[in-house]
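Visitor: attaching a predicted model along with its sequence, questions to come.
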Amino acid sequence: MEGLPKQYDPHQVEKKLYQEWEENNYFAPRGNGQSYTIPMPPPNITGELHMGHALNNTLQDILTRWRRMAGDRVLWLPGTDHASIATEARVAATLKEEGIEKKELGREEFLQRVWEWKYKYGGMITEQLRRLGSSCDWSRERFTMDEGLNRAVIEAFIRLYNKELIYRGDYIVNWCPYCETTLSDIEVEHEEKDGHLYHIRYPLADGSGELIIATTRPETMLGDTAVAVNPEDERYRGFVGKKIILPLLDREIPIISDSYVDPEFGTGALKITPGHDPNDFEVGRRHDLPRINAMDEKGIMTEAAGPYAGLDRYAARKKVLADLEEKGLLSRVEDYEHAVGHCYRCDQEIEPLVSKQWFVKMKPLARPAIQAVQEGDVCFVPERFDRIYLQWMEEIRDWCISRQLWWGHRIPVWYCQGCEKEIVAREEPADCPKCGSDELEQDPDVLDTWFSSALWPFSTLGWPENTQDLQSFFPADVLVTARDIIFFWVARMIFSSLEFMDQAPFDDVLIHGLILDTDGKKMSKSMGTGIDPLEVIDDHGADALRFALVNGFTLGNDNRFRHEKVEAGRNFTNKLWNAARFFLMNLGDFDPSGRQLNPQDLPSRWILSRMQTWTEVIDEHLKSYRFSDYAREIYEYIWNEFCDWYIEMAKPALQAEAKSPEKEETLTVLWHVLGGLLKMLHPIMPFVSEEIWKALPGGEGTIMYAPWPRPNKDLVDREAEEEMETLQSVIRSIRNIRQEMNIPPGRKVEAKFFLEGDQHELLKKGKDYLNRLAGISEYSLYTWEQERPEHAVSAVTRGIEVVLPLAGLMDLKEEFNRLEKKKEKLEQEMERVEKQLSNPGFVNNAPGHLVQKEKEKREAFKADYELLCKRYRQVKSALESGK
RNA sequence: GCACCCUUAGCUCAGUUGGUCAGAGUGCCUGCUUGACAUGCAGGAGGUCCCCUGUUCAAGUCAGGGAGGGUGCACCA
């Protein structure tokens, strides 16, 4: 084993281990423990692994590996999402580069190409997830467009349709003229834009005057069918019912009154364009106004726009303004900042447009979904996200689900060309059930991608079939996802699951924030500020990346990515690697497996006792999803307790050449503790923990199924912990003195300890450790009362006065100053304790154990203080007499 | 406009239900080729926990107000 390299090299390890895990099918659920399910948020097939994915999947993997070791029958179910718009746009763009237009290719041929593209590139991200170490069950991998999921989508559509929760109708929708499809409300992103508010004169038909209306979008006036004023508005009361001339087109339109109009805004007169504004659409419905589509699907003005027909919307705006100006109808232009909707995929301005679309009626579905969260069937972690969810759910509007795209689940509706009957069916019907015509045409549109994602927690398990998997693994235990997807996905899964499964899809929803760049900005591919997780893995290994992503972050908050954190993670893997190396180098032919733990020496009693605390603490953190605490704590146990203290203290016993009971016991304890630490580390650092595990005696098989450590009360040893703390404190005091006195590390010194009788034994036991860790060659023990040497440096801790006689090496004056500082500090602390204890409010109201604690503290301080003062006086008088 | 988050050491951030909570990593300073590890070891310096006012025996921690930074939702054209 001495062949182990001095530095841990993840490249040698990660690929090999992952392959082994996957080949052995370790990721699939096994055993007959209780089931534990996590549905993986399916990344888009167009996607490449970014830091968000890396964080998201690290968290899921931690839970998965932890529960698996704890004995659960764990299913972490992976897959990918077909992402209609993104994929269609991507493939269309690729074709365009070859000089092929999507429309020329035709639907069937185009879809053929998309599938080809999917097979070629769609698996890329799943390969990348493997590099991260994700232990999801690839044998159950699903794709939102695979056959089973398609069945689920059609079933869902039909059931909702039959309950009249899906309907088709003419409504105003969000339209992206670039993608040429509708978008749901949440797919529109509002951005504040500097624009203008144009005040336009509309002359009255009877020539008796004019009204001035204000608009940010003058080109839409071409579709105006009314001007509205508030019924309460005195200024315009006489105008209601009159006709007004729409400038440029000279169309006569009515002046109506509607309380929607805000008299305070602009001039108080509002142009009404039911065809191109959602609010105006509603006004139009109330007043039975005609709807004019002045703009088409590409944002080009239609025939209805008269002379402006054929212009695109931006050109039309310019021309409309120029013409108004020329005619003197533009009364005023003011700067105005307003929110403009943009397509979340292509970032083009969206256009409100009236068209015939399919919608899901949301109110009846939202009600139980609200209840589920209110009643705690679904818990958001952190809790505050339930308010965000509820607020959205309570104000939800109907969901437009049809998309004018080819790539996606085709809407299972056929229209009879003979009698116009609408036929909803699982399979293509042969003829119309009403009129018998066989001329049927399927709706050309596909469904919103999120319609299929909404079914993910159960469609992936076989629904609508009542499969074994569905019975075993539904509902899921946890969903881990990013904040920006709560509405798109989480909300929709909840109401879909309640509707189709009659149950919430998962118990807990973990919401994590974004990984920001070093400057605290959102990482952006186009800006080049993204950091590629794969590069980080190449440089430092997946374990280091995982650790960096989890350590020091709070669930739900954004977190800056820093290279230093990855380096810290890498250093940690290396530290552990070398601790293991040390153990293996000392192992010889010793086989610790099967040996009883019966620790006699102090460090062993101590570390085993500490380990019982670790196992409890770590488990608690994981149970409460405190990933950061888990990472920090395991780091601390390994580095600061196991490596810094236990290994160092184990060295004397191990250095004995011959086999000895001490040596064997120490090896047994080292083996046991190291194994336990590896297991507790495994969820977050799966590779290095497995690699070391395999090198340990008895480490056959995989750490993935090594039993999760449980606390053993018999090994808890408070006395050992107390004694160890004292010993550590003494060693630290000596190190401190040595450093301050510039004693070279190699130089051994002599010490005198002044202490109470019951501590003599401890110091005697500590001989080897004091020698090794504090450089104390010889020492002698005295009682508190005995005489101290004058020319010496001293420190007091835990009732022990450490005295290093350093005549010649020290300056008495300096020592005096040192003591004075220590004395002052101790006085301050004593004062604080004294104040607490003399406060009747505290003594009477605080819990008893806290009062007790303060009292004990007071006693301990007092003892130390007396020692310190005695020494202080001695040095002081020595100084004075020396003058 | 409404809601939420953040403000703690030079930097990046932890601090569960109020009671050693003033922490970690990194950076900085001082020593160290100590036979696991210089991706390391040892020691050290660094903070009005944004400000104000309350509640309490006790407040980074709770309440109210304010300042600065960020995000989401909704928009009156």
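Guide: Yep, it's here.
Visitor: sticking with the residue in the stretch 751-883 of chain A positioned nearest to RNA strand B, tell me its helix or strand.
Guide: Minimum separation of the stretch 751-883 of chain A from RNA strand B (Cβ to the nearest atom of the strand) falls at residue A:841, amounting to 2.2 Å. Where you see a C-beta, it was placed from the backbone N, CA and C, and this is true even at glycine. Element membership of residue A:841, judged by DSSP states H and E, is helix A:840-845.
Visitor: now whatever helix or strand comes next after that helix: buried residues?
Guide: Using DSSP H and E, the helix or strand that directly follows helix A:840-845 along the chain is helix A:848-882. Of the residues in helix A:848-882, those with enough neighbours to count as buried (16 or more other Cβ atoms under 10 Å) are A:851, A:854, A:857-858, A:861, A:863-865, A:867-868, A:870-872, A:874-875.
Visitor: gap between the residue of the stretch 1-150 of chain A found nearest RNA strand B and residue A:403?
Guide: With Cβ to the nearest atom of the strand, the shortest gap between the stretch 1-150 of chain A and RNA strand B falls at residue A:7, namely 4.2 Å. With the distance defined as Cβ to Cβ, to the nearest Å, residue A:7 ends up 53 Å from residue A:403.
Visitor: residues contacting the residue positioned nearest the centre of chain A?
Guide: By Cα atoms, centre = their mean, the mean C-alpha position of chain A lies nearest to residue A:512, the distance being 2.6 Å. Contacts of residue A:512 were listed using Cβ atoms under 8 Å, 6 or more residues apart in numbering, and they are A:55, A:56, A:59, A:480, A:481, A:482, A:483, A:555, A:556.
Visitor: the same query, at a cut-off of 6 Å, please.
Guide: Residues in contact with residue A:512, defined by Cβ atoms under 6 Å, 6 or more residues apart in numbering, are residue A:555.
Visitor: and the one 4 residues further on, by the same measure?
Guide: Contacts of residue A:516 were listed using Cβ under 6 Å, 6+ apart, and they are A:558, A:560.
Visitor: strands of the stretch 601-750 of chain A, residue ranges please.
Guide: Secondary structure of the stretch 601-750 of chain A (DSSP state E, counting those that start in this stretch): strands at A:749-754.
Visitor: pLDDT below threshold where in it?
Guide: Across the stretch 601-750 of chain A, nothing is flagged by pLDDT under 70.
Visitor: how about chain A?
Guide: Per-residue confidence of chain A (counting by pLDDT under 70) places the weak regions at A:1-3, A:883.
Visitor: hmm, who's touching the longest strand seen in chain A?
Guide: As far as residue count goes, and with DSSP state E defining each element, the longest strand of chain A is strand A:188-203. The set of residues that contact strand A:188-203 without belonging to it, under Cβ under 6 Å, 6+ apart, is A:174, A:210-216, A:218, A:244-245, A:329, A:331-334, A:336-342, A:344, A:350.
Visitor: hang on, the earlier thing: who has more neighbours, residue A:7 and residue A:403?
Guide: Under the criterion of other Cβ atoms under 10 Å, the comparison of residue A:7 against residue A:403 puts residue A:403 first, with 28 against 11.
Visitor: the more buried one and RNA strand B: what is the separation?
Guide: With the distance defined as Cβ to the nearest atom of the strand, to the nearest Å, residue A:403 ends up 19 Å from RNA strand B.
Visitor: ditto for residue A:620
Guide: With distances defined as Cβ to the nearest atom of the strand, the gap from residue A:620 to RNA strand B amounts to 8 Å.
Visitor: what's the neighbour count on the nearest residue to that residue once chain neighbours are set aside?
Guide: For residue A:620, the nearest residue in space outside its immediate sequence neighbours is residue A:626; the separation is 7.9 Å by Cβ to Cβ, 6 or more residues apart in numbering. For residue A:626, the number of neighbouring residues by other Cβ under 10 Å comes to 15.
Visitor: what of the one 4 residues further on?
Guide: Applying other Cβ under 10 Å, we find 26 other residues in the vicinity of residue A:630.
Visitor: wait, it touches residue A:619, no?
Guide: No: taking Cβ atoms under 6 Å as the contact criterion, residue A:630 and residue A:619 are not neighbours in contact, 9.2 Å apart.
Visitor: strands of the stretch 51-200 of chain A, start to end?
Guide: Using DSSP E, counting those that start in this stretch, the strands assigned to the stretch 51-200 of chain A run over residues A:73-77, A:79-80, A:142-143, A:166-176, A:181-183, A:188-203.
Visitor: report all helices and strands that the fourth one contacts.
Guide: Applying 3 or more Cβ pairs under 6 Å, 6 or more residues apart in numbering; DSSP states H and E, we find strand A:166-176 packed against strand A:181-183, strand A:351-360.
Visitor: nearest approach to RNA strand B belongs to which of those?
Guide: Among the helices and strands packed on strand A:166-176, the nearest to RNA strand B by Cβ to the nearest atom of the strand is strand A:351-360 (9.6 Å).
Visitor: and that closest one, anywhere near RNA strand B?
Guide: No: Strand A:351-360 does not reach RNA strand B (Cβ under 7 Å from any atom of the strand); its nearest approach is 9.6 Å.
Visitor: buried residues in that strand?
Guide: For strand A:351-360, the neighbour count (16+ other Cβ under 10 Å) marks A:351, A:352, A:353, A:354, A:355, A:357, A:358, A:359, A:360 as buried.
Visitor: distance of the first one from residue A:557?
Guide: Looking back up the chat, that one is residue A:351. With distances taken as Cβ to Cβ, residue A:351 is found 36 Å from residue A:557.
Visitor: what do you get for the second one?
Guide: Relative to residue A:557, residue A:352 is positioned 36 Å away (criterion: Cβ to Cβ).
Visitor: for the residue nearest to residue A:530 when sequence neighbours are not counted, grab the count of nearby residues.
Guide: By the measure of Cβ to Cβ, 6+ apart, the closest residue to residue A:530 outside its immediate chain neighbours is residue A:523, 4.3 Å from it. Counted with other Cβ under 10 Å, the neighbours of residue A:523 add up to 19.
Visitor: and the helix holding residue A:841, how far out from the chain's middle?
Guide: 44 Å (Cα atoms, centre = their mean, to the nearest Å).
Visitor: now for residue A:723: which residues touch it?
Guide: Under the contact definition (Cβ under 6 Å, 6+ apart), the residues listed for residue A:723 are A:602, A:762.
Visitor: which residue comes closest to residue A:299 once chain neighbours are left out?
Guide: With sequence-adjacent residues excluded and distances taken as Cβ to Cβ, 6+ apart, residue A:299 is closest to residue A:177, at 3.5 Å.
Visitor: count of neighbours near the one you found?
Guide: Other residues close to residue A:177 by other Cβ under 10 Å number 21.
Visitor: now do the contacts for it.
Guide: With contacts defined as Cβ under 6 Å, 6+ apart, residue A:177 is in contact with A:298, A:299, A:351.
Visitor: at 7 Å what do you get?
Guide: A:297, A:298, A:299, A:348, A:351 (Cβ atoms under 7 Å, 6 or more residues apart in numbering).
Visitor: ditto for residue A:321
Guide: The neighbours of residue A:321, taking Cβ under 7 Å, 6+ apart as the test, are A:198, A:218, A:330.
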